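In: Dropping the sequence and predicted coords here.
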Amino acid sequence: MDLFELFTFAVFFLTLVGIYGILALGLNVQWGMTGLFNIGIAGFFAIGAYTSAILTTPGSGVHVGGFGLPMAAGLAAGVILSGVIALLIGLITLKLREDYLAIATIGIAEIIRLVLKNEEWLTNGVRGIAGIPRPFAGWFDDPTGVTNLLVVALAIVLVYAALERGRQSPWGRVMRAIREREVAVMAAGKDIVRFRLESFVLGSAIMGLGGGLYAHFFGFVSPEAFDPMYTTFLIWVMLIAGGSGNNRGALLGALAIWTIWAGTEYLTNRFAPPEFLTRAATVRMLLVGLLLEVILLIRPQGLLPESHFVARADGRRRNGTGGSSKAPPEDA
Amino acid sequence: MLLEISQLTVYGIVLGSIIALGAIGLSLLYGILRFAHFAHGDVMTVGAYLALAGVAGLGLPMWAAFGLALAGGIALAVLIDQALYRRLRRTAPVILLIASVGVALILRSLVQLVWGPDTQVYTQELQMPMRVLDIRLKPSQLQILIGTGVLVVLLHLFLTRTRTGKAMRAMADNPDLARVVGIDTEQVVIWTWVIGAGLAVAAGIFLGMDTRLQPTMGWHILLPVFAATILGGIGKPYGAIIGGMVVGVASELSTMIFPPVYKPAVAFALMVAMLLVRPTGLFGTPR
Amino acid sequence: MSLLALTGIRGGYGGADILNGVDLHVESGEIVVIVGPNGAGKSTAMKAVFGLVDVREGSLVFDGVDITRYRSDRLARLGISYVPQEKNVFASMTVHENLEMGAFIRRDDFTAQLERVYDLFPPLKEKRNTRTGALSGGQRQMVAMGRALMLEPKLLLLDEPTAGLSPAFTDLIFEKIVEINAAGVSILMVEQNAKQALGFAHRGYVLVLGANRFGDTGANLLANREVAEMFLGG
């Protein structure tokens, strides 16, 4: 592989790391900072991607389009729509226990998936939408795709900076207190549901941004690309591996897990006999699943732990008298 | 019109039976182990495919394959609990949730590796639907209804007549008091997995009989199963049966208005409605 | 040797200590009452006996056995039965099933004890197949106590047995407690109705802020003016 190819590959790789990093940052706002368990990441990812795709491509005979909006508008619309849908879901479910929220987010992702596949007038169904313009397309030639990388990198910098500011602000401190379930937060009269809602909406909006960037990077979206089982799960593993509660951890996790994922893809493409290639992806997914379990057993706080999270990972039981902190009992 | 409603209702009861079997197990696991077992759908998948292995691979009759799948599925579930979930019992409940999502993916991947991603069926024979009072019913659907009935009766006997069954109900009702009374919680946990996984395996096989087998079959029915569990009230196995029927019938009836692909959305809507109005479910005790 | 002896107990639920050096003992055949203001740690002291609280320091000895680190199910086997203040029945199960659960760890035939419990609490016999959650507060309390008696315990721990009950039921429960004691069961109980309880108890302890304040016979405590002023009210 010559230098040019290598460079192009690195750009491609890093752009994807960046996009997943943005998704992980979004999840970190929800899970790491506020303890909300969102298993519907793929849904918001898809909303961001499809919204931008629909707004920036010409329609076909089958599906709507032709709005001819620039990428920035498409991205913005994706972000806003993700946020709005998150708001609606959140209003309904955030008063409930966190496991109910988890189930609800699966439901949403599933419904979005069904809509993407079946509402052809909107999304062109399984055929997907192609021809999504690259950033600054037509302005200049870009054989290596480096403009994408720069746009994504810029997005990361902005999002990361904003989140770090937010984390250190009073708003961020309240979020952390809510996550640790400090009764004092409630006693101080803070409206917990409102904060959780804000966190949920913000995180989902960021995921929508990731989706939009993805659409303009690949130039093509289809329902398969947003398969919840892969996308959602990978982002979760990224965040847990990198270290929840921690924006740097989110980005590091994205890099680490994507490296493993892409690396194993390269290895299997290179060395595995062709008849095994279709199975290879499944094997890799299996291994990622096992990796997650190993991480949860051995180091649930991830690579870059935030001190709070350690306390939570081996935390006390929520109900029941005298839980895990008792002296080791004698066995009968 | 009335005929269509009746027909769909019957289909709904068949679907509801499958969902109910899944929901009973999920409800017990939720009530006793206090976590939402997101891998439950994929246990159903594993069960269905183990039966397939029995029928297609070993040439067993269906009932024998059923038994094989039960044994295998239960053993697998207990193994996963002892190897993984047990070590995470003292952590935050959401960690268990994440772990079970991982297990779901692992199980699904294993199934896909062994049996491939294409859809399969238990038998290539075409079934002639019977006609009962103008309502069509495939023989396999009748088997599902009877099978579910038998399993529910067995479950009822287990829960009300055996020492372990009562201990399970006690633990689902009041885990602290159960401990006070001297119930061995770890033993009850294992039995819960036996019952829960066993019913899930049955549900998976029935689902395969009623539709087809493919690696994501369990995951796609997980949402309706959760909906049924929540409708019935967590930890309430009998509520789960009712919840399953409601979700099943509602999903089928909804096809009169919506395209059939949106059946899961109907289940979801029911679940959300219940969470808003009465989060503890139809039979749950309001806390 | 006392049936039950707590010595220098310090502990809590894993955070700050709630019990700051509690000493108390129960002799075989006694009714001993723990009274005191809210937050004094009365329930916590009882839970400490039953293995539900982190005991950092001190010892618990029952019938000559050091039970300081014992888990609840082991204590049940030794002959201690505990009735918590709240959520003390299996609400979704029938009265009869609740009593059966009380005898869960017994491997012998317990029908005789079952009959004795029904004789002690006749209303339960009538309602043996009713869901316990559907019963009144007083009847539920009877179920809770009956369940504990199924073990034929040597020591019965009662945490505020009359909480939330009408005066009529309170009197009834107290009557039953005396009856149970007369049959040979030692009783340690926490009570809010201090005045009434000290009236029939053999001895009592007054706990304040997780430590002993007074300890004497029931009669003496009732006669003690300081105790009367601080805790017995009207």
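Out: Thanks, I have it. Residues are numbered from 1 along each chain as shown, chains lettered A, B, ... in the order given.
In: Give me the contact list for stretch A:12-21.
Out: A:145, A:148-149, A:152-153, A:155-156, A:210, A:213-214, A:217, A:234-235, A:238, A:250-251, A:254-255, A:257-259, A:262 (CB atoms under 8 Å, 6 or more residues apart in numbering or on different chains). For glycine as for every other residue, the C-beta is placed from the backbone atoms N, C-alpha and C.
In: Apply the buried test to those and list what passes.
Out: A:145, A:148-149, A:152, A:155-156, A:210, A:213-214, A:217, A:234-235, A:238, A:250-251, A:254-255, A:257-258, A:262 (16 or more other CB atoms under 10 Å in any protein chain shown).
In: So the most centrally placed residue in chain C: helix, strand or coil?
Out: Centroid check for chain C by CA atoms, centre = their mean gives residue C:158 as the closest residue, at 1.5 Å. Following DSSP: H, G, I helix; E, B strand; the rest coil, the label given to residue C:158 is strand.
In: For residue A:107, identify the helix or strand it belongs to.
Out: helix A:98-118 (DSSP states H and E).
In: right, is that helix up against chain B?
Out: Yes: interface with chain B: helix A:98-118 contributes A:98-100, A:102-104, A:106-108, A:110-111, A:114, A:117-118 (CB under 8 Å from any CB of the partner chain).
In: Show me what that helix packs onto, helices and strands only.
Out: helix A:41-56, helix A:71-93, helix A:120-123, helix A:228-242, helix B:93-115, helix B:217-232, helix B:263-277 (3 or more CB pairs under 8 Å, 6 or more residues apart in numbering or on different chains; DSSP states H and E).
In: which of those helices is buried the deepest?
Out: Greatest average neighbour count among those goes to helix A:41-56 (a mean of 30), per mean count of other CB atoms under 10 Å in any protein chain shown.
In: For residue B:263, which non-adjacent residue is closest in space?
Out: Distances taken as CB to CB, 6 or more residues apart in numbering or on different chains put residue B:251 closest to residue B:263, at 4.2 Å, once the chain neighbours are dropped.
In: where exactly do the helices run in chain C?
Out: Under the criterion DSSP state H, chain C contains helices at C:42-49, C:72-78, C:95-102, C:111-120, C:122-126, C:137-149, C:167-182, C:194-200, C:218-223, C:225-227.
In: closest one to residue C:7 among those helices?
Out: helix C:42-49 (11.7 Å; CB to CB).
In: For that closest one, give the mean pLDDT please.
Out: Averaging pLDDT along helix C:42-49 yields 88.
In: go on, stretch B:32-47?
Out: The model assigns stretch B:32-47 a mean pLDDT of 93.
In: near chain C at all, that stretch?
Out: No: using CB under 8 Å from any CB, stretch B:32-47 stays clear of chain C, with a minimum separation of 13.1 Å.
In: pLDDT score for residue C:120?
Out: For residue C:120, pLDDT reads 91.
In: Contacts only, for it.
Out: C:146, C:149, C:176, C:179, C:180.
In: Serialize the residues you listed to a markdown table and add fields for distance to chain B and neighbour count.
Out: Output for the contacts of residue C:120, formatted as a markdown table (distance: CB to the nearest CB, whole Å; neighbours: other CB atoms under 10 Å in any protein chain shown):
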| residue | distance to chain B | neighbour count |
| --- | --- | --- |
| C:146 | 13 | 24 |
| C:149 | 12 | 25 |
| C:176 | 20 | 18 |
| C:179 | 23 | 11 |
| C:180 | 18 | 21 |
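In: For the residues you listed, work out which two are farthest apart.
Out: C:146 and C:179 (12.4 Å).
In: Could you take the helices of chain C and lay them out as CSV, with extra columns for distance to residue B:167?
Out: Shown next, in CSV, are the helices of chain C (distance: least, CB to CB, whole Å):
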stretch, distance to residue B:167
helix C:42-49, 23
helix C:72-78, 12
helix C:95-102, 8
helix C:111-120, 18
helix C:122-126, 21
helix C:137-149, 14
helix C:167-182, 26
helix C:194-200, 34
helix C:218-223, 39
helix C:225-227, 44
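In: one step back: mind giving me the ChimeraX command for buried ones among the residues of helix A:98-118 next to chain B?
Out: The buried residues among these can be selected in ChimeraX (16+ other CB under 10 Å) with this line:
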select /A:98,99,100,102,103,104,106,107,108,110,111,114,118
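In: thinking again about what came up before, among the helices of chain C, which is nearest residue B:247?
Out: Closest among those, using CB to CB: helix C:95-102, at 29.7 Å.
In: what's the spacing between the closest residue to chain A within chain C and residue A:176?
Out: Using CB to the nearest CB, the closest approach of chain C to chain A is made by residue C:14 at 3.6 Å. From residue C:14 across to residue A:176, the span is 21 Å (CB to CB, to the nearest Å).
In: So if I had to pick from the two, which one is more boxed in?
Out: residue A:176 (18 against 14; other CB atoms under 10 Å in any protein chain shown).
In: Okay, buried residues for stretch B:158-170 please.
Out: Neighbour-count burial for stretch B:158-170 flags B:159, B:164, B:165, B:166, B:167, B:168, B:169, B:170 (criterion: 16+ other CB under 10 Å).
In: oh sorry, the question was meant for stretch C:65-76
Out: Buried residues in stretch C:65-76 (16+ other CB under 10 Å): C:67, C:68, C:70, C:71, C:72, C:73, C:74, C:75, C:76.
In: Could you do stretch A:193-208 as well?
Out: Using 16+ other CB under 10 Å as the test for burial, stretch A:193-208 gives A:195-208.
In: what does that stretch rub up against?
Out: Taking CB under 8 Å, 6+ apart as the rule, stretch A:193-208 contacts A:22-23, A:25-30, A:33-34, A:36, A:38, A:41, A:44-45, A:47-48, A:51, A:78-83, A:85-87, A:89-91, A:94-95, A:159, A:171, A:174-175, A:178.
In: would you list every one of the helices in the stretch 151-287 of chain B?
Out: B:163-173, B:175-180, B:185-210, B:217-232, B:237-254, B:263-277 (DSSP state H, counting those that start in this stretch).
In: Can you tell me which of the ones you listed is nearest to residue B:50?
Out: Here helix B:185-210 is closest among those (CB to CB), at 7.3 Å.
In: From the contact counts, what lies against the closest one?
Out: helix B:2-33, helix B:40-52, helix B:62-80, helix B:139-161, helix B:163-173, helix B:175-180, helix B:217-232.
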